[in-house]
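Participant: predicted coordinates and the sequence they were generated for:
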Protein chains: 2
Amino acid sequence: MATMRDIAKLSKVSVSTVSRVLSGKGRVSAEKRNEIINLANQFHYVPNYHAKCMTKKGVITVGLVVPDISNPFFSKLTMGIESELKDSALLILMNSFRDIEREKKLSLLLRDNGAKGIIMGNSHVEDDFVFEISKYIPVVVFDKEYNLPNISTIKLDNIYGAYLATNHLIEIGCSNIIHFGGFDDLDVSIQRKEGYKKAIRKGMQPYVVPTGYDERSGYEKAKKVLSSKKFDGAFCMNDLVAIGVLKAAKEMGIRVSQDLKIIGFDDTELCEVVTPTLSSIHQPIEEMGRAAARALLKMIEGEESSRSYLFSPSLIVRGSTLPKRGDKDAKEEVG
Amino acid sequence: MATMRDIAKLSKVSVSTVSRVLSGKGRVSAEKRNEIINLANQFHYVPNYHAKCMTKKGVITVGLVVPDISNPFFSKLTMGIESELKDSALLILMNSFRDIEREKKLSLLLRDNGAKGIIMGNSHVEDDFVFEISKYIPVVVFDKEYNLPNISTIKLDNIYGAYLATNHLIEIGCSNIIHFGGFDDLDVSIQRKEGYKKAIRKGMQPYVVPTGYDERSGYEKAKKVLSSKKFDGAFCMNDLVAIGVLKAAKEMGIRVSQDLKIIGFDDTELCEVVTPTLSSIHQPIEEMGRAAARALLKMIEGEESSRSYLFSPSLIVRGSTLPKRGDKDAKEEVG
DNA sequence: TATAATAGAGCAAACGTTTGCTCACAGAGG
DNA sequence: CCTCTGTGAGCAAACGTTTGCTCTATTATA
């Protein structure tokens, strides 16, 4: 790698002159200027980024750690973050592959590699770890409140969202509503369950089936549970689970929307693609990503030491929860 | 930000001693060692990354520019790249938001910010630009062959894949096959069209409808074209388009799989989720990502100046192309 | 007790830039 | 002929580390 010194030697000038030519500051005779530029091109001179950062401040970099970028939620989130960061910071993306140890390692790696801040997407790590990191660089987390300097929080009102979903089922006539919900390992699932229970009216029986977070899990649980008891509504903790349930129901001859109304959570693209289309609770994911980026930037710049943002979900009604008679949902299954 | 000098002053030792304590090399008395460590903790000392890079070589960083990370193809690809890079390099992700100017800007930004190599995911930029970048740092591109040092290529055999798809339709009895294909703006779409035409037998009539790359586009074109002419098979240039076509067909009362057999390309998760499930051409995306990362690393390390990898697609048969009256979600993989 | 070995600590150069300061020299103005 | 001004160029410090070398005590060895 050619350095300024090399160029300087070859053109028999001082390093400062080379620097001034290449950065376009200061006055240099046309003659030397040309020679230097030619040499630089010829040797594909690329200024050493780190050396530059020693004297100027370079573009700041921030890290984002997600469990799985191929999950639409996180890729949407990433889009939001990126779009807000635009030119004010470089985003370093890291996948933890849902491995908590790896997540910790990555966060440390980021911190030690010059990241000026970290966004931890839906982290499973212990509070202490987050706290530890935040002593060195600012952190943005999701769905958890720390009330500590250097840690900002982006939250969705999950309780309200779950309430919205369940209440919607009730309003369109369901009286026997099952909840396919996550285990209690994540705040999200705890909160969504809570919202579900809140919506259940007197005289109704809450019925919760602990479920994982993916389609297969929803499918398997539904296969077991839908055969034995009779439900007319199902609130699923996310769209993937809902799609699993939907598949199972179809296979079992249960007519979705007529016999069983299903609603998911997250409002992913998948909702539009299944048959019938899936009602869901919409999160303003990209908004949330942008807020996360803004919060981080503010902390990095020292303008704000911490802040909490709460976002409200909204109900999106689609084919899977059409009211009783309105059988207009003609997209019935083929064959 | 506290520096080593600060710590050194406070503990009345030299900078070297601080350095030795903090890096754990060299011998320092337990007494000073403790004092220094305490001070460092107290002031949340974080070593300056760039200064470190001046004397040691830091973790190398490589850039990845994609048009849209929320597209499953690119997030899968990212997963593959990340998984191969693991600890040998940091991945900087950049979204061009399908803006070609932004893509160029980002690539330059990456190069000037210390990235040791760039992977350009499905780039639209001019050859000259790629060439220009490659003079400074190695580049990996997709689907284009440059045969130039410092540029490696990852390719999918699109022609073969399209052939596979079309041929499958023919083998299960279609004789009037339409192709919903991309405009000629991308090599991918040109090649897939070529494969389609190759498969069409004598006596059959090729019929190509220029289409965009998303669901809406497929939907709209299908609405127009399926009403006028009669087709019994549709090969779509990707899954999104196929899903658009599938929706349109259903809405128009055309029974998918019975009246019209549809096959997509890319084998995204969407295929499993629609009804009927969608046959598609599978690309080993993660594999390709890993290969891209490996190729880049090799170039960075100077072991290889350039290399081209060709990957073979495979046919995945699902509900949308069942021969006659098929079992529901039968999924079989063929060569 | 003399000598060698070793532990503990500091000096200073190096990494590749940027930039304030200085300096030489030319032409202009008096 | 002398001073002033402006231009082109170099010197050297600074950025925050790492590390080879040096130096001084201290301890072990003979």
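Facilitator: The structure has been received and is ready for your questions.

Participant: now do the helices in the stretch 51-200 of chain A.
Facilitator: A:72-85, A:100-112, A:127-134, A:158-171, A:187-199 (DSSP state H, counting those that start in this stretch).

Participant: output the longest helix along chain A as PDB, nothing but the C-alphas.
Facilitator: The residue-count maximum for a helix in chain A (DSSP state H) belongs to helix A:285-300. The C-alpha trace of helix A:285-300 is given here as PDB (Å, rounded to 0.1, in the frame of the first residue of the first chain):
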ATOM      1  CA  ILE A 285     -41.300  -0.800  12.500                       C
ATOM      2  CA  GLU A 286     -39.400   1.600  10.300                       C
ATOM      3  CA  GLU A 287     -40.500   4.500  12.400                       C
ATOM      4  CA  MET A 288     -39.100   2.600  15.400                       C
ATOM      5  CA  GLY A 289     -35.900   2.000  13.600                       C
ATOM      6  CA  ARG A 290     -35.600   5.700  12.800                       C
ATOM      7  CA  ALA A 291     -36.300   6.600  16.400                       C
ATOM      8  CA  ALA A 292     -33.700   4.200  17.600                       C
ATOM      9  CA  ALA A 293     -31.100   5.800  15.300                       C
ATOM     10  CA  ARG A 294     -32.100   9.300  16.400                       C
ATOM     11  CA  ALA A 295     -31.900   8.400  20.000                       C
ATOM     12  CA  LEU A 296     -28.400   6.800  19.600                       C
ATOM     13  CA  LEU A 297     -27.100   9.800  17.600                       C
ATOM     14  CA  LYS A 298     -28.400  12.100  20.300                       C
ATOM     15  CA  MET A 299     -26.600  10.200  23.000                       C
ATOM     16  CA  ILE A 300     -23.400  10.000  21.000                       C
END
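
Participant: what does that helix contact?
Facilitator: A:60, A:62, A:73, A:76-85, A:88-89, A:116-119, A:137-138, A:140, A:142, A:150, A:152, A:154, A:156, A:304-307, A:309, A:311 (Cβ atoms under 8 Å, 6 or more residues apart in numbering or on different chains). (C-beta placed from N, C-alpha, C; glycine too.)

Participant: what's opposite the residue lying closest to residue A:116 once chain neighbours are set aside in the beta bridge?
Facilitator: Spatial nearest neighbour of residue A:116, excluding adjacent residues (Cβ to Cβ, 6 or more residues apart in numbering or on different chains): residue A:60 at 4.4 Å. Beta-bridge pairing of residue A:60, defined through DSSP bridges, involves residue A:89.

Participant: ok, back up a step: quick one: which of the helices of the stretch 51-200 of chain A is nearest chain B?
Facilitator: Comparison of the helices of the stretch 51-200 of chain A against chain B by Cβ to the nearest Cβ identifies helix A:72-85 as nearest, at 3.9 Å.

Participant: so which bits of that closest one are buried?
Facilitator: A:72-82, A:84-85 (16 or more other Cβ atoms under 10 Å in any protein chain shown).

Participant: got it, and stretch A:250-269?
Facilitator: So, applying 16+ other Cβ under 10 Å, buried residues of stretch A:250-269: A:250, A:254, A:256-257, A:260-269.

Participant: in strands only, show me those residues.
Facilitator: A:261-263 (DSSP state E).

Participant: between the residues you listed, which sits nearest residue B:229?
Facilitator: residue A:262 (37.0 Å; Cβ to Cβ).
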